[in-house]
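Peer 1: coords please:
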Amino acid sequence: MLSHRRIRHGFALALVLIVSALLVGNATAGPYSALVVEVESERVLFSQNAEELRHPASLTKMMTLYLTFEALARKQISLDDRLVASRYAVSRPPSRIGLRAGETIAVEEAILALVTQSANDAATVLAESLGGSEPGFAAMMNAKARQLGMNNSVFYNASGLPNPDQVTTAWDMFRLGKALLKDFPEYYPYFSTDHFNFGGSSFHNHNHLLKNYPGADGIKTGFVNASGFNLVASAKRNGSRLIGVVFGGSTHSRRDAHMRDILDDGFDRLEGREPVQRYALMQPSDVPTLLRRPPNVTDEQDMLRYARRTQARSPAPKNSQEANQSKQASSSWHVRVGQFKNEKQAEQRLSQAMKAAPTALRHSKAAISRHGKTSYVAYFKGLDRNDAAQACKQLGRKRIQCSLAVASN
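Peer 2: Numbers count the residues shown, from 1 in each chain. Got it, this is the predicted structure:
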């Protein structure tokens with residue numbers, strides 16, 4: 001007969017699973033997938049939707065850094081080389097370190113800017129320096145992806161800024177993380193950099209696992225609205241190294257908590273212990289994937305032509321004044337989706353709205369504004385007029401409150 005203690009334990013476990021199931025609906029902001037693999041043996045310790053296409057967001061910068069490290073190893077560049085920031089590079093949307101057109105930055109500084117601040121301006125400077133242009137660098141990224149076995153990844157830019165055709169998978173991100181670790185052990189320690197000082201400002205690493213997860217030493221975070229909060233993380237314990245990948249977190253804290261859980265369970269499995277299965281914070285999302293498979297590109301020229309389409313859609317502004325005017329004209333609209341008594345309700349509404357209008361809101365940034373002590377306004381910012389109007393039209397079909405406003409400058 002089972003002891004009373006075991007019965008109570010079983011009841012408690014069942015209760016946890018029920019609560020976990022109830023939390024599924026609001027757990028993720030984008031399509032969820034996750035993977036944990038032991039690096040040496042490539043033994044899979046956890047896998048959910050690991051072959052499904054996802055938007056990489058700033059995980060893209062892992063490939064930008066791979067090609068930078070490769071150029072360093074081949075002595076094509078050195079860490080002290082000064083790279084010139086173009087008008088196009090400094091016009092990239094945040095995150096940035098605030099480069100100005102014509103300003104120079106050392107290769108090592110650019111590396112640290114990507115690792116800590118995930119700086120899009122620095123990523124573009126590296127791309128233009130190594131590839132001649134960002135489309136040319138994207139061709140290099142795609143060629144290297146094929147060499148590394150990342151057959152489901154397509155890159156359009158060096159930063160991970162939103163592009164509906166820029167895709168990857170959890171498995172491809174594992175392959176890239178392992179390649180960075182194995183191919184460039186002399187440069188991999190950059191990923192554990194705590195902070196970086198540049199231009200009078202200090203930029204801190206977005207990967208919080210470096211401070212709160214024993215054994216963690218890299219690699220990279222990412223976020224765009226279409227993907228949610230993403231993370232590739234590596235940790236080593238008792239001689240075993242794991243790389244974990246998570247796509248689709250609703251917040252960076254939930255993403256981090258889920259990563260800690262699946263890494264913990266991975267180490268438990270390696271050491272013969274039964275995993276605890278603590279997954280209440282992340283579960284498969286009901287957000288549709290809606291991502292296409294990459295086209296069949298066969299050589300570097302095909303990839304170059306394919307990558308150039310992005311720049312053709314968004315030509316670089318001629319000068320900084322034009323860039324500012326363009327930014328104000330195209331990204332000055334807010335879409336308000338409700339006012340609530342607490343922050344959790346506001347977060348839930350933002351998640352519902354993103355699911356209802358994923359295309360129109362893909363370039364926006366979700367935000368919550370507090371009014372007084374008990375009022376929270378949920379809204380999306382950084383939209384152009386057409387996307388804002390389209391978002392309200394789609395939200396109205398789902399009977400979600402929506403109102404438009406022009407942002408004040």
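Peer 1: Can you pull up the most central residue in this structure?
Peer 2: Centroid-nearest residue in the chain, with CA atoms, centre = their mean: residue 222, separated by 2.1 Å.
Peer 1: Mind listing the strands the helix or strand that residue falls within pairs with, and their directions?
Peer 2: Assigned by DSSP states H and E, residue 222 belongs to strand 216-224. If you go by DSSP bridges, strand 216-224 pairs up with strand 228-237 (antiparallel).
Peer 1: Give the buried residues for the helix or strand hosting residue 175.
Peer 2: Assigned by DSSP H and E, residue 175 belongs to helix 170-183. Using 16 or more other CB atoms under 10 Å as the burial criterion, the residues of helix 170-183 that qualify are 170-181. C-betas here are computed from N, CA, C, even on glycine.
Peer 1: Relative to the whole chain's centre, how far out is stretch 349-363?
Peer 2: Between the centre of stretch 349-363 and the centre of its chain there are 17 Å (CA atoms, centre = their mean, to the nearest Å).
Peer 1: Please disregard the earlier target; I meant stretch 195-210.
Peer 2: 17 Å.
Peer 1: Stretch 208-222 too?
Peer 2: With CA atoms, centre = their mean, you get 15 Å for stretch 208-222.
Peer 1: Okay, buried residues for that stretch please.
Peer 2: Of all the residues in stretch 208-222, those buried under the rule 16+ other CB under 10 Å are 208-210, 213, 216-222.
Peer 1: repeat for stretch 38-49
Peer 2: Within stretch 38-49, the residues scored as buried using 16+ other CB under 10 Å are 38-39, 45-49.
Peer 1: Could you list the domains of the protein?
Peer 2: Domain segmentation of the chain under automatic domain parsing yields 21-270, 331-406.
Peer 1: ranking those domains by burial, who's on top?
Peer 2: The highest mean neighbour count among those, using mean count of other CB atoms under 10 Å, belongs to domain 21-270: a mean of 21.
Peer 1: If you average the pLDDT over it, what comes out?
Peer 2: The average pLDDT within domain 21-270 is 93.
Peer 1: for stretch 138-150, the distance to its chain's centre please.
Peer 2: Per CA atoms, centre = their mean, the centroid offset for stretch 138-150 relative to its chain is 19 Å.
Peer 1: Alpha carbons of that stretch, as PDB, please.
Peer 2: Taking Å, rounded to 0.1, in the frame of the first residue of the first chain, the C-alpha atoms of stretch 138-150 are listed here in PDB:
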ATOM      1  CA  ALA A 138      23.700  38.900 -44.800                       C
ATOM      2  CA  ALA A 139      24.900  36.700 -47.700                       C
ATOM      3  CA  MET A 140      27.900  35.800 -45.700                       C
ATOM      4  CA  MET A 141      25.700  35.000 -42.700                       C
ATOM      5  CA  ASN A 142      23.500  32.700 -44.800                       C
ATOM      6  CA  ALA A 143      26.500  30.900 -46.400                       C
ATOM      7  CA  LYS A 144      28.000  30.300 -43.000                       C
ATOM      8  CA  ALA A 145      24.700  29.100 -41.700                       C
ATOM      9  CA  ARG A 146      24.600  26.400 -44.400                       C
ATOM     10  CA  GLN A 147      28.200  25.400 -43.500                       C
ATOM     11  CA  LEU A 148      27.300  25.000 -39.900                       C
ATOM     12  CA  GLY A 149      24.200  22.900 -40.700                       C
ATOM     13  CA  MET A 150      21.800  25.600 -39.900                       C
END
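Peer 1: Contacts for the helix holding residue 175 next, please.
Peer 2: Residues outside helix 170-183 that contact it (CB atoms under 8 Å, 6 or more residues apart in numbering): 33-35, 37, 39, 47, 49-52, 54, 56, 59, 62-63, 65-66, 69-70, 145, 148-153, 188, 191, 218-219, 232, 234, 241, 243, 245, 247.
Peer 1: before we move on, back to that, which single one of the buried residues of stretch 38-49 is nearest to residue 132?
Peer 2: Ranked by distance to residue 132 (CB to CB), the buried residues of stretch 38-49 are led by residue 39 at 34.0 Å.
Peer 1: residues in contact with the closest one?
Peer 2: 178, 181, 234, 241-243.
Peer 1: which one of the buried residues of stretch 208-222 sits closest to residue 405?
Peer 2: residue 222 (29.0 Å).
Peer 1: what's the distance between that closest one and residue 110?
Peer 2: With distances taken as CB to CB, to the nearest Å, residue 222 is found 18 Å from residue 110.
Peer 1: Same check on residue 94?
Peer 2: 16 Å.
Peer 1: which stretches of the stretch 1-150 of the chain form strands?
Peer 2: 28-38, 44-48, 82-84, 104-106 (DSSP state E, counting those that start in this stretch).
Peer 1: which other residues reach the third one?
Peer 2: Contacts of strand 82-84 with the rest of the structure, by CB under 8 Å, 6+ apart, involve 102-107, 110, 125-126, 129.
Peer 1: and the contacts of helix 170-183, which of them are in helices?
Peer 2: Per DSSP state H, helices hold the following members of these: 62-63, 65-66, 69-70, 145.
Peer 1: Widest-spaced pair of these?
Peer 2: Most distant of the ones in helices among the contacts of helix 170-183, by CB to CB, are 69 and 145, 15.2 Å apart.
Peer 1: by contact count, what packs against the helix or strand following the helix holding residue 175?
Peer 2: Note on helix 170-183: by DSSP H and E, the next helix or strand toward the C-terminus is strand 195-198. Here strand 195-198 touches helix 107-116, strand 201-204, going by 3 or more CB pairs under 8 Å, 6 or more residues apart in numbering; DSSP states H and E.
Peer 1: can you put these in TSV and add distance to residue 389?
Peer 2: Shown next, in TSV, are the helices and strands packed on strand 195-198 (distance: least, CB to CB, whole Å):
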stretch	distance to residue 389
helix 107-116	35
strand 201-204	36
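Peer 1: Nearest to residue 363, out of the ones you listed?
Peer 2: Once the helices and strands packed on strand 195-198 are compared by CB to CB, helix 107-116 is nearest, at 21.4 Å.
Peer 1: Run through the strands of the stretch 301-409 of the chain in chain order.
Peer 2: Under DSSP E, counting those that start in this stretch, the stretch 301-409 of the chain gives strands at 333-340, 365-370, 376-383, 403-406.
Peer 1: what is the orientation angle of the third one with strand 365-370?
Peer 2: If I follow you right, that is strand 376-383. Per axes from the mean of the first three to the mean of the last three CA atoms, to 10 degrees, the angle that strand 376-383 makes with strand 365-370 is 150 degrees.
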